[in-house]
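In: quick one, structure for this:
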Amino acid sequence: MKSLTLLALFLATSTLASTSALATDYQSFTSLDYLNIDTPQINQNVYSLSSIYFLDKKLSLGPLNEFEYINKTSNIFGQFSDMDNANTYGLGGEMFINKWLVGGSYNYIDHNNGSDDTYALTLGYLLSDNLLVKAEANKEGSDTFYQFSAAYNHQINDSDYIGFTYSTDDKFDSQTLSSKYFIAVGADQYLSLGASYTNNDGWDNNLAAIARFYFNNYTSISASYNDDDDYSISAKHFINKNYSVSAGYNSNASSNDNEDYDLYSLNFTAQF
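Out: Numbers count the residues shown, from 1 in each chain. Model (predicted):
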């Protein structure tokens, strides 16, 4: 299951993704991804397809892949991944009813040793447009795990903001505080900075940071690092307002051979 852990790491780092006349709105996002994961134990290819549809338009903040910190738009989503030794399937959605959020998802993994499925139910409430609290129950087999979170956005101007998210399990064994700062630094140039700290009871804590620079609304580069010595670099370019391509590389700078890996990624996204 090492490859599943690395896949989760890749998604986390790629995710740590001006209301002026240049802003563009979208409702659907569909992505094709290819990953190659190379470790001392395995070399595996991963192909995935994911899509999300919003029931109302989402307005970009200038860069065509930057949107509001707290999503307040109902949506449905699905994904499929094909790995050498496993396939994953998932679907779900979120519905905002007045200030209430109700969501749910189902994920199924078919692997060499059998199969597993998980169910999730989310209930949230918008205390204001800038503050969302959520509770989530995840059922895996006979076990149910609970997660609680709060997200706050401080809007500096039409485009710039700083956001914070705190999350914890029901026993406070694992608590994470993360933040994202998005700022315009020039004519159509932007900087996004993110950081997170996870405090774990009984195992190592984790500190991570990510930075993305936008040369313009279409082209960006990013880099990330954490205190487990995992790092990543990537570049993304929009061919036009609807289609983008990106490439990335993840690895580990530790001298420990057991931690060594190389992860190469390619992505094509269509958004309308």
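
In: make it CA atoms for all contacts and neighbour counts henceforth
Out: OK.

In: in a helix, N258, correct?
Out: Yes: counting by DSSP: H, G, I helix; E, B strand; the rest coil, N258 is part of a helix.

In: residues near it, how many?
Out: 10 (other CA atoms under 10 Å).

In: and the closest residue to it other than its chain neighbours, what element?
Out: Spatial nearest neighbour of N258, excluding adjacent residues (CA to CA, 6 or more residues apart in numbering): P40 at 7.3 Å. Applying DSSP states H and E as the criterion places P40 outside every helix and strand.

In: and the pLDDT at P40?
Out: What the model reports as pLDDT for P40 is 87.

In: next one: the residue nearest to D227 when sequence neighbours are not counted from A270, what distance?
Out: Distance criterion CA to CA, 6+ apart; nearest residue to D227, sequence neighbours excluded, is L207 at 5.6 Å. L207 is 32 Å from A270, where distance means CA to CA, to the nearest Å.

In: circling back to that earlier point, quick one, phi psi at the residue nearest to D227?
Out: Phi and psi for L207, reported as degrees, to the nearest 10, are phi -120, psi 130.

In: all further residue positions should be reported with the first residue as 2.
Out: In the new count, where the first residue is 2, that last one comes out as L208.

In: next one: it from S197, what distance?
Out: In terms of CA to CA, L208 sits 6 Å off from S197.

In: how much space between S225 and I38?
Out: The gap separating S225 from I38 is 18 Å, by CA to CA.

In: ugh, wrong one, A271
Out: 24 Å.

In: what of S106?
Out: Distance from S106 to I38, by CA to CA: 27 Å.

In: same thing with N76?
Out: 31 Å.

In: check Q148 too.
Out: 29 Å.

In: quick one, which of these two is more surrounded?
Out: I38 (21 against 18).

In: that one contacts D261, correct?
Out: No: using CA atoms under 8 Å, I38 is not in contact with D261, being 10.9 Å away.

In: burial count for G125?
Out: With other CA under 10 Å as criterion, G125 counts 19.

In: name whatever forms a beta bridge with it.
Out: Judged by DSSP bridges, the bridge partners of G125 are L102, K135.

In: wait, what's in contact with it?
Out: W101, L102, V103, L133, V134, K135, A136 (CA atoms under 8 Å, 6 or more residues apart in numbering).

In: can you give me the helices in the stretch 102-251 of the chain?
Out: For the stretch 102-251 of the chain, applying DSSP state H, counting those that start in this stretch gives no helices.

In: please enumerate the strands of it.
Out: 115-129, 132-141, 144-156, 162-170, 175-187, 190-201, 207-215, 220-227, 231-239, 244-253 (DSSP state E, counting those that start in this stretch).

In: the inter-axis angle of the second one versus strand 144-156?
Out: For strand 132-141 against strand 144-156, the angle between stretch directions is 160 degrees (axes from the mean of the first three to the mean of the last three CA atoms, to 10 degrees).

In: so strand 132-141 versus strand 162-170, what angle?
Out: Using the same axes, to 10 degrees: strand 132-141 against strand 162-170 is 40 degrees.

In: now do the buried residues in strand 132-141.
Out: Across strand 132-141, burial judged by 16 or more other CA atoms under 10 Å covers L132, L133, V134, K135, A136, E137, A138, N139, K140.

In: what of stretch 41-59?
Out: N46, V47, Y48, S49, L50, S51, S52, I53, Y54, F55, K59.

In: repeat that for stretch 68-75.
Out: F68, E69, Y70, I71, K73, T74, S75.

In: stretch 82-99 now?
Out: Those would be 82-84, 87-97, for stretch 82-99 by 16+ other CA under 10 Å.
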